[in-house]
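Undergrad: I need the structure of the sequence given here:
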Amino acid sequence: MSTDAATLADLLEWAAGHGEAGLALLDRSEHREWRSWARLRSEALRVCGGLQALGVEPGDRVPLVFPTGFEFIAAFFGIVLAGAVPAPLYPPVRLGRLAEYHRRTARMVEVVGGEVVVADRRVRRLLGETMALARPRLGCRTLDELPDAPPQPATRRPDDLALVQYSSGTTVDPKPVALSHRAVVAQTRLLNRHWPDTPERRHRGVSWLPLYHDMGLIGCVFPALERPGPLTLIRPEDFIARPSLWLRAISSERATLSVGPSFAYGLCVDRVKDRELEGVDLSTWEVALCGAEAVAPSVVRAFQERFAPHGLRPSAVTPVYGLSEAALAVTFSDLGRPFSSRRFDRLLLSEGEAGEADEGVELVSVGRPLPGFSLEVRDVAGRVVPERRVGEVFVRGPSLMEGYLGQPEATARALVGGWLATGDLGFLCGGELYLTGRAKEVLILRGRNHAPDEVERAAFAVAGVRAGCAAAASYLPEGSPGEVLVLMVETRRGVGESEHPRIAAECRREALAATGLEAERVVVLPPGTLPRTSSGKIRRSEALRRLLAGQLDAPGAVTGRLVVSALTRSAVGFARLALSRRD
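TA: Numbering: from 1, shown residues only. Purely as a prediction, here's the structure:
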């Protein structure tokens, strides 16, 4: 099927005309609730009328705070139909850190210029301090509190603002990414054209990703609208509590498409029990996209091996690369091909050259640009470098953001002559992209640049370390002749403090063996301590800042030999110049 839809409202109307298409919501007990797109559009129209009666006008920005569910869809598209601009925000997930949540969320509401906040009724009870700080003009309303009024759907143009999607904020506070209807529709079409339906097979999706994040909303919901095809949603908290739910849903729904970051695949390997896989058949799963964070080859291999007996195809796991500022996807690995990796010499990589070596660091290809996208790797002077030279990744394509809403200086730094400066470091090899890290998170040790995720992966081999929960950073202690390495790791639940010295010692040993880098400090932390983005990625720079400020809860931490009294970032090599150009 195809549609000439030019806006999100057009996509919703198109999907509503296909009665067999809709969304299913699967709860932790595997109870399935389904709603057609026609019903969801009807619910969105009620929200549209209520917002208009409240005083919301076309172009107004409306933050929404909902967990995954049908109310999110009704609220989001109700805002769209009213001609306003939805700005999805994440609900509070850690009651012990509400003060930080209030501060960050209030700032997001202020930055986006929210006229009114619409929220889930349970979440609203926790938002009092957020609203007191942000003070939106029309307050905070649940959907039940909106006036009952006839809707007057607004006419929107492709170049109008469709969505404000906050970037994940791994290195800085999240930025409000302004995306036009043209951009999100273009991204939606790119994704669906990459795996077209056939007369014999219609794609079916399953997603546990949060709807306030681009992978869950733009990558899963919007393509299901344009296809239109069935999509089953799982609440993220249910997936974390019971990872087998994801795999069981793929089996029961006969899903062909699903997506997750590397940690999700590792979580399944670690936590799914054999008894939970009884009757599970993964043979229909054609495309298991893996993105949003560095792809760990050992995790992918372990996932393939663990679930191959249940029909998982060797070619299913597909590494990808994208970012909020491009609406989502930029590069894809070849579908139908097992993931590809190469080993590169660590010393040469630290000097900016990608030379292969049998015993080098293993990096995974994230593929080639999607149709319509172009990609360049540039040095600090802005010159395009040849293949196998490390530099900053620049992209150009049909779904780039309009800019950061209300932040012209940050926009000017990110959008350069029609190209997006991603802040990601990497290189091309054989026309495929390999990523080496973020410019702002690069480890600078002995005058060389190193990727933090390689150190972190080494720690995951240590018994008692929580998979995917580590942060490596470098800093310059007062009086030290050079920067040193600190490694912060969370333990698995149930690991006692008496185990912390052993874990620290083994992490130091594993990191040294894997990378040749010696950690001056290894800090062992309780589960859930490291700061994360709204999408669950570790915020390395923020973790280091908190550690040095004495704000990181670390009972029983093993801190190495040096006492840190100040943080002074060294300005060495590529990172120095890259940091001078970007926030």
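Undergrad: Residue 548 versus the closest residue to residue 483 other than its chain neighbours, what's the distance?
TA: Once flanking residues are discounted, residue 483 sits nearest to residue 474: 4.4 Å by CB to CB, 6 or more residues apart in numbering. In this view, the C-beta of every residue, glycine as well, is placed from N, C-alpha and C. Residue 474 sits 12 Å away from residue 548, going by CB to CB, to the nearest Å.
Undergrad: Settle it for me: which of those two has more neighbours?
TA: Remark: of residue 474 and residue 548, residue 474 carries more neighbours, 25 against 17, as counted by other CB atoms under 10 Å.
Undergrad: isn't the more buried one right up against residue 517?
TA: No - judged on CB atoms under 8 Å, residue 474 makes no contact with residue 517 at a distance of 9.3 Å.
Undergrad: Residues in contact with both of the two, list them for me.
TA: 443, 445, 485 (CB atoms under 8 Å, 6 or more residues apart in numbering).
Undergrad: Just those: which are in strands?
TA: 443, 445, 485 (DSSP state E).
Undergrad: Quick one: buried ones out of these?
TA: The neighbour count (16 or more other CB atoms under 10 Å) marks 443, 445, 485 as buried among those.
Undergrad: thinking again about what came up before, point out the least confident member of the shared contacts of residue 474 and residue 517, please.
TA: Sorting the shared contacts of residue 474 and residue 517 by confidence puts residue 445 at the bottom, with a pLDDT of 74.
Undergrad: Now flag whichever of the buried ones among the ones in strands among the shared contacts of residue 474 and residue 517 is closest to residue 176.
TA: Using CB to CB, residue 443 comes nearest to residue 176 of those, at 29.5 Å.
Undergrad: Do I have it right that the closest one meets residue 453?
TA: No - if you go by CB under 8 Å, residue 443 and residue 453 don't touch, sitting 10.0 Å apart.
Undergrad: neighbouring contacts of stretch 237-248?
TA: Contacts of stretch 237-248 (CB under 8 Å, 6+ apart): 26-28, 30, 67, 93, 206, 208, 234, 258, 260, 264, 267-268, 271-273, 276-277, 280, 282, 307, 310.
Undergrad: I'd like the average pLDDT over the top helix by length along the chain.
TA: For the chain, the longest helix by residue count, based on DSSP state H, is helix 37-54. In this model, helix 37-54 has an average pLDDT of 97.
Undergrad: Remind me what the helix or strand following it packs against, helices and strands.
TA: Where DSSP states H and E defines the elements, the next helix or strand beyond helix 37-54 is strand 61-65. Under the contact criterion of 3 or more CB pairs under 8 Å, 6 or more residues apart in numbering; DSSP states H and E, strand 61-65 touches helix 70-81, strand 85-89, helix 98-112, strand 117-119.
Undergrad: run the last query once more with 10 Å
TA: On a contact count with 3 or more CB pairs under 10 Å, 6 or more residues apart in numbering; DSSP states H and E, strand 61-65 meets helix 37-54, helix 70-81, strand 85-89, helix 98-112, strand 117-119, helix 128-134, strand 140-141, strand 161-166.
Undergrad: residue contacts, residue 326?
TA: By CB atoms under 10 Å, 6 or more residues apart in numbering, residue 326 lies in contact with 177, 179, 183, 187, 214, 370, 373, 395-401, 420, 422.
Undergrad: how about it, phi and psi?
TA: phi -110, psi 20 (degrees, to the nearest 10).
Undergrad: Residue 531 too?
TA: phi -70, psi 140.
Undergrad: now the one 10 residues further on
TA: Backbone torsions of residue 541, given as degrees, to the nearest 10, read phi -60, psi -40.
Undergrad: Counting neighbours, what do you get for it?
TA: 17.
Undergrad: Can you give me the domain boundaries for the chain?
TA: By the record's domain assignment, the chain is partitioned as 8-17+25-196, 342-438, 443-548 (automatic domain parsing).
Undergrad: Quickly note the distance from the closest residue in space to residue 193 that isn't next to it in sequence to residue 191.
TA: With sequence-adjacent residues excluded and distances taken as CB to CB, 6+ apart, residue 193 is closest to residue 371, at 7.3 Å. Taking CB to CB as the measure, residue 371 falls 11 Å from residue 191.
Undergrad: Neighbour count: the two, which is higher?
TA: Comparing residue 371 with residue 191 by other CB under 10 Å, the one with more neighbours is residue 191, at 24 against 11.
Undergrad: For the more buried one, give me its contacts.
TA: Counting by CB under 10 Å, 6+ apart, residue 191 touches 218-220, 222-223, 226-227, 257, 289, 327-329, 332, 370, 399.
Undergrad: how about it, secondary structure?
TA: Counting by DSSP: H, G, I helix; E, B strand; the rest coil, the backbone at residue 191 sits in helix.
Undergrad: quick one: it from residue 219, how far?
TA: For residue 191 relative to residue 219 (CB to CB), the value is 7 Å.
Undergrad: Give me the buried positions along stretch 355-371.
TA: Of all the residues in stretch 355-371, those buried under the rule 16+ other CB under 10 Å are 360-361, 363-370.
Undergrad: again, but for stretch 195-209
TA: Those would be 195, 203-209, for stretch 195-209 by 16+ other CB under 10 Å.
Undergrad: which of those lies closest to residue 377?
TA: residue 195 (27.4 Å).
Undergrad: before we move on, the earlier item: so which of the contacts of stretch 237-248 belong to strands?
TA: Using DSSP E, the members of those that fall in strands are 26, 206, 234, 258, 260.
Undergrad: Single out whichever of the residues you listed has the smallest pLDDT.
TA: residue 260 (91).
Undergrad: Next, the contact list for it, please.
TA: 207-209, 215, 239, 243, 246, 266-268, 288-292, 303, 317.
Undergrad: For it, give its distance to residue 216.
TA: 10 Å.
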